[in-house]
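*Asks:* mind folding the following:
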Amino acid sequence: METFPAEGALPLALEEIAFRLNATQGLAGMDRRDRAGILLRDLMADRSALAAVLAEHEARLDRITWALYQVQRAVISPRQVPRRIVAVRTGTRSAMEAAVLQLGTCCELAEQKRVRRAWRKRRGSGQPTAEEFFVAAPFIAAEKHRPGFWARWAEVNPAG
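*Replies:* This is a model prediction of the structure:
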């Protein structure tokens, strides 16, 4: 990794997207105490030999197109969680992170492991339940969901 920082940064890019869209995701597993992903970038931060890899990762994130995503999940059971992601708009990293902050007037803002989310609806403690939030992340898709999502969403979120 330290010999080839550009190549070493690739797994970090995948982790960045996964964690931003789902806080339980991380390449190093999940911390059961706070139900958040254990991030490879955090494990690497204390290793000075990997500083070039982390610097390349941050530089790459600043160069690529970002999106403000709306993420909706219909939690039917622990193993059945249909989701929908929509890129509401695209732009630079800083512009999309600022867009999340602007949603603080209508949503609950929360930060976890340096990622801010604007929560419209938090997941309930039981199932079925729903969650909906906005987050800035590298742009990967304009819209993504499986057939049947809307029927499941209506089941767990009758208010809309």
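*Asks:* now do the SS call for H57.
*Replies:* helix (DSSP: H, G, I helix; E, B strand; the rest coil).
*Asks:* give me the below-cutoff pLDDT ranges for the chain.
*Replies:* 1-10, 25-50, 160 (pLDDT under 70).
*Asks:* distance of Q70 relative to L54?
*Replies:* 29 Å (Cβ to Cβ, to the nearest Å). Where C-beta positions appear, they are placed from N, C-alpha and C, glycine not excepted.
*Asks:* wait, what's in contact with the residue nearest to the spatial centre of the chain?
*Replies:* In the chain, the residue lying closest to the centroid (Cα atoms, centre = their mean) is R20, at 1.4 Å. By Cβ atoms under 8 Å, 6 or more residues apart in numbering, the contact list for R20 reads Y69, V115, V135, A136, A137, P138.
*Asks:* quick one: which of those residues is nearest L14?
*Replies:* P138 (9.8 Å; Cβ to Cβ).
*Asks:* does that closest one touch L68 like I think?
*Replies:* No: applying Cβ atoms under 8 Å as the test, P138 and L68 come out as separate, 11.7 Å apart.
*Asks:* quick revisit: between the contacts of R20, which has the most around it?
*Replies:* Y69 (27 neighbours; other Cβ atoms under 10 Å).
*Asks:* work out the gap between whatever helix or strand it lives in and the centre of the chain.
*Replies:* Take DSSP states H and E as the rule and Y69 turns out to sit in strand 66-75. Between the centre of strand 66-75 and the centre of its chain there are 8 Å (Cα atoms, centre = their mean, to the nearest Å).
*Asks:* what's whichever helix or strand comes after that strand in contact with?
*Replies:* Sequence order places strand 83-91 as the next helix or strand after strand 66-75, per DSSP H and E. Applying Cβ under 8 Å, 6+ apart, the external contacts of strand 83-91 come out as 21, 65-74, 96, 99, 134, 139, 141-145, 149, 153.
*Asks:* which among the residues you listed count as buried?
*Replies:* Neighbour counting with 16 or more other Cβ atoms under 10 Å marks 21, 66-74, 96, 99, 134, 139, 145, 149, 153 as buried within those.
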